[in-house]
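A.B. asks: Here you go, sequence then predicted model.
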Amino acid sequence: MKSIKKLSLLLVILALMVTMAACDSKKDVPANAPGPFDDQKIVVSGLLERDFEITQGDLKKLAAVTKHAESTRSNGEKVIVDATGPLLETFLKEYGKTQKDFSRIRFTAGDKYSIAVPQEILASRLVILSYVNDGRPLEDDYQPVRIVIPGERAMYWVKNLIRMDFETGADQKPPNKVVFLETAAKNLPQEDYQYYDSVDKAIKTQDLIAEYADINDTVVANVFMKAGDGLQKNETKANFLAAFIKVTGQDQPKFLAPQFPQGMHIRDLLYIIYGQTAIFDYTEGSACLPKQTFGDKEGIAFSQIFKQTGMAGGNKYKFTSADGKSIVLTNPELGEGGLIYQNAEGAVAFTCTGTSGKQNIDDLLSIEALQ
Amino acid sequence: MNKKGWISGVCLGLLGLVIGVAAMGAISRTPWYVPPLKVIGDVVNSFTLQEPNEMGKLETISLQGNKYKAVKLAEIINRAQPVANAKQLYLVGLDGFTSAIKVDDIDDCYISFSAKNGWEAVNLKHPISSNAKQIKEIVVVSDGSTRDFAFNVIDPDKKLVQITPGQLLARPLTEFPYPEGKAVIQNDGKEYESQVFTKRRVFKLSDLTPVNEGDSFLVLDEKGEYRLVDNGGYFEVSDNHINYLQPDTRSILEKVKGVIVRPPAAGIMDIYYDTRHYLDNGDRILVAVLDGLTYNQYSYAVENGYAPFLENYSMVIKASGVYPPAANVSLAAMLTGKEAKESCIITAGDRELKVPSIFAEAVKLKKQSILLEADQKLLETEVQPVSVTDKNGSGGADDELYEATLANLDKGYDLLMVRFHGIDDSGARYGESAEETMQSISAADEYLKQIVNRWPGKVIITGNQAACTSRLVGGEAQFSNDAMFVPYWRAR
């Protein structure tokens, strides 16, 4: 009888210990501590030429952040989480990309649920590849990663992530044409613009886009701008088209408008992305980008234009000068890529040496990638 | 009983216990679906009632021979903390049926829940038509007299609209299907899509006040974030606040406090950009900040002859301030050129700037700078302010600041910033237009005359929204023509 009582007591204690151990297993741990899901793979598609896999362990090696996020379900229930993990931006930086490079990113879960995060969200929200929620490792059915996007509804918070597709889809294509601002501005009406004590010259953004980009492109909602000091900003299409670019005097090229608060102005503009057209300022580029020499000329490498603006590569390129003349060069004819520089007359020019010998284009207005 | 029997008995007992606990848990849950009942409008604490007994013990009441278990409507409303002067309650049914009753008359009003009628009003003394069934919302509507809680629309000259979320909910609003996204799931080799929208109750600014084509609006939220927009976006009435939505860009500003229609081009953040421009240009620059001086107050002072120097000095510009209008928030905006969200100076207690100020810019340009002020340190900046005290016991340190400024004019500083407090102190004590306050403006006017005449470089003078310094920032900070505009001079 005694042994039966002992056995019963032992069973109860054992059950309690198992329960306590189970409860304890999810206690706070360092965010990047090794865990049983470290090797679970996530397929990444569209980032490199071929699909590849990453693991939760790979993500734990990246700098992590913790962000508070709240979302309301359709029944009114609030989903609240402090999500810890690397930002998608941090992950993309490893591959020289940013969220803004993609028209959408699709996240797919183990149960084949997927959601495409559109460009508007990618342009304005943080995306966290979380592996710790509320200070604890994810529940098993959420492993290895739960996407959390603060400010967006929980439908975007894909758990049990197995795949990420980075898309530059039909609705948002990378630039295929770069227009040099200095040359373009010479062909556009210039207005006097009172700038402190001086009167400088400015062009209307509306004129610039109407002449050199597709002003009727309905896909364009935001216009991306980057300054020489690294400042990046998205401006709404309406605001952008109501502004000016000051092309002479101090701080030029400067995006500004008399009706805008000065906080919206951008000085030392490096480039603008409007739909599939990039407007690039060579002078600003030569001041802030690595220098390249080509014979006795110094300027910036042709490849820098791609690197900076995310311009799509082509099989051949059409170089057009201010007088409307153009030549088409294939990749072999470009040789090692060529140089964009300022010629003796102070105009933007291009030179390269490839299979068809040396090519020079003065007063360079635009370069277009052709297939 | 043998040993085996005992073990089986214990195991069965444990199993029974587990099943029993699980069954009790299931039984204790509500056996029917309880739709949420939201309390929204002019309340501090908008909330959702999920369970009939969430408010405590239910009372048993009778009406026309029927018995109800119900909670007092007043208790529900009190929990939501209506803002001052709550006047009307709208009991909104699922089918749109709405009964409106006066807040003063709800002593005998109850809310009951039944599987048949859902949330149901049981008003013992009101007409029977007030007893709405399947209620989904209780909207509290105030008389709109509390500006602090309201959505305010102003232009540089006047107040255009002051309306509360409750009052907006009592008006016709557009139900806008805001696209949230599209989810896809694969089943049996086929893709099934689901496009998700949320219905938002929205209005356009032009629904509230006439606007001209091409007008721009400066939308400011509770935390000092701002956006310059056109009439293309929507304002959403969400529970007890207003959000601004721009569906094209999915840009949202939450808890909007107000809108400035056709805002002036200048703003107090210009101090940062103007100063940086002058320093870049190799100019020396004097920045004088007059705490508490608003544009309307300045206009009054000029009309009554209290600011002869400033009146004739240079063209005064009306500049937008920031929200919340508090001394440290606006000073941070001046010094950094950034909105409160970026500088992280949002409440009266914030001190540490999260972005570089103009003093850091001066250091980068190898320029010498000095900040003279008498108040307790409002912000942590890259330069240690020179603290000036009221040595002569005059009741303020403006005279000492004036002397200190004169003493530093010839010391080679490229950037000299001085912050006078007398106008703010007088305004807070005597009132914005009081004679004592006007005398403070007059004194500052004379100080500036002497300082500016001896300064060889550029000059910026600005008012600062400091009148609310002693008040809570956020809930009580006012969005009004008096608080939101300051005079600004950019000269020489």
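C.D. replies: Received it, and whenever you're ready, just let me know what you need. Numbers count the residues shown, from 1 in each chain, chains lettered A, B, ... in the order given.
A.B. asks: quick one: strands adjacent to the helix or strand where residue B:237 lies?
C.D. replies: When elements are assigned from DSSP states H and E, residue B:237 belongs to strand B:234-238. With DSSP bridges as the test, strand B:234-238 is paired with strand B:190-203 (antiparallel), strand B:241-246 (antiparallel).
A.B. asks: Buried ones in the shortest one, by neighbour count?
C.D. replies: Taking 16 or more other C-beta atoms under 10 Å in any protein chain shown as the neighbour-count basis, strand B:241-246 is seen to contain the buried residues B:241-246. For every residue, glycine as well, the C-beta is placed using N, CA and C.
A.B. asks: Next: stretch A:284-303.
C.D. replies: So, applying 16+ other C-beta under 10 Å, buried residues of stretch A:284-303: A:284-286, A:289, A:292, A:294, A:299-302.
A.B. asks: near chain A, which residues of the stretch 201-350 of chain B?
C.D. replies: B:216, B:218, B:226, B:228-230, B:232, B:246, B:248-252, B:263, B:265, B:267, B:269-270, B:272-274, B:277-278, B:280-281, B:320, B:337-339 (C-beta under 8 Å from any C-beta of the partner chain).
A.B. asks: Which among these count as buried?
C.D. replies: Taking 16+ other C-beta under 10 Å as the criterion, what is buried in those is B:216, B:218, B:226, B:228-230, B:246, B:249-252, B:263, B:267, B:269-270, B:272-274, B:277-278, B:320, B:337-339.
A.B. asks: where's the nearest residue to residue B:198 once chain neighbours are set aside relative to residue B:62, distance?
C.D. replies: Excluding the flanking residues, the one nearest residue B:198 by C-beta to C-beta, 6 or more residues apart in numbering or on different chains is residue B:178, at 5.2 Å. Distance, residue B:178 to residue B:62, by C-beta to C-beta, to the nearest Å: 45 Å.
A.B. asks: List the contacts of residue A:87.
C.D. replies: By C-beta atoms under 8 Å, 6 or more residues apart in numbering or on different chains, residue A:87 lies in contact with A:65, A:126-129.
A.B. asks: okay, those in a markdown table with neighbour count, distance to residue A:183 and pLDDT next?
C.D. replies: Formatted as a markdown table, the contacts of residue A:87 follow (neighbours: other C-beta atoms under 10 Å in any protein chain shown; distance: C-beta to C-beta, whole Å; pLDDT from 0 to 100):
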| residue | neighbour count | distance to residue A:183 | pLDDT |
| --- | --- | --- | --- |
| A:65 | 16 | 43 | 94 |
| A:126 | 17 | 38 | 93 |
| A:127 | 24 | 38 | 96 |
| A:128 | 28 | 43 | 96 |
| A:129 | 26 | 43 | 97 |
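A.B. asks: which one of those residues is nearest residue B:463?
C.D. replies: residue A:126 (37.0 Å; C-beta to C-beta).
A.B. asks: The closest one and residue A:263: what is the separation?
C.D. replies: 22 Å.
A.B. asks: In the stretch 251-371 of chain A, which residue sits nearest chain B?
C.D. replies: Residue of the stretch 251-371 of chain A nearest chain B, by C-beta to the nearest C-beta: residue A:262 (4.1 Å).
A.B. asks: backbone phi and psi for that residue, please?
C.D. replies: phi -60, psi -20 (degrees, to the nearest 10).
A.B. asks: Please apply the same query to residue B:392.
C.D. replies: Note on residue B:392: its backbone torsions stand at phi -90, psi 10 [degrees, to the nearest 10].
A.B. asks: likewise the one 10 residues further on?
C.D. replies: The phi and psi torsions at residue B:402 (degrees, to the nearest 10) take the values phi -60, psi -50.
A.B. asks: how about the closest residue to it other than its chain neighbours, secondary structure?
C.D. replies: Leaving aside its chain neighbours, residue B:402 sits nearest to residue B:447 (4.2 Å; criterion: C-beta to C-beta, 6+ apart). Under the three-state scheme (DSSP: H, G, I helix; E, B strand; the rest coil), residue B:447 adopts helix.
A.B. asks: need the contact list for residue B:447.
C.D. replies: By C-beta under 8 Å, 6+ apart, the contact list for residue B:447 reads B:398, B:401-402, B:405, B:420.
A.B. asks: So which of these wins on neighbours?
C.D. replies: residue B:420 (30 neighbours; other C-beta atoms under 10 Å in any protein chain shown).
A.B. asks: where does that one land on pLDDT?
C.D. replies: Looking at residue B:420, its pLDDT is 94.
A.B. asks: shouldn't it be in contact with residue B:444?
C.D. replies: Yes. At 5.4 Å, residue B:420 and residue B:444 qualify as touching, with contact defined as C-beta atoms under 8 Å.
A.B. asks: hey, what's in contact with both of the two?
C.D. replies: By C-beta under 8 Å, 6+ apart, residue B:420 and residue B:444 have these common neighbours: B:290, B:398.
A.B. asks: What are the phi and psi values at residue A:259?
C.D. replies: Dihedral angles of residue A:259 (phi, psi; degrees, to the nearest 10) stand at phi -90, psi -10.
A.B. asks: re the thing from before, now the strands paired with strand B:234-238 as TSV including distance to residue A:274 and mean pLDDT?
C.D. replies: Below are those laid out as TSV (distance: least, C-beta to C-beta, whole Å; pLDDT from 0 to 100):
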stretch	distance to residue A:274	mean pLDDT
strand B:190-203	28	88
strand B:241-246	18	93
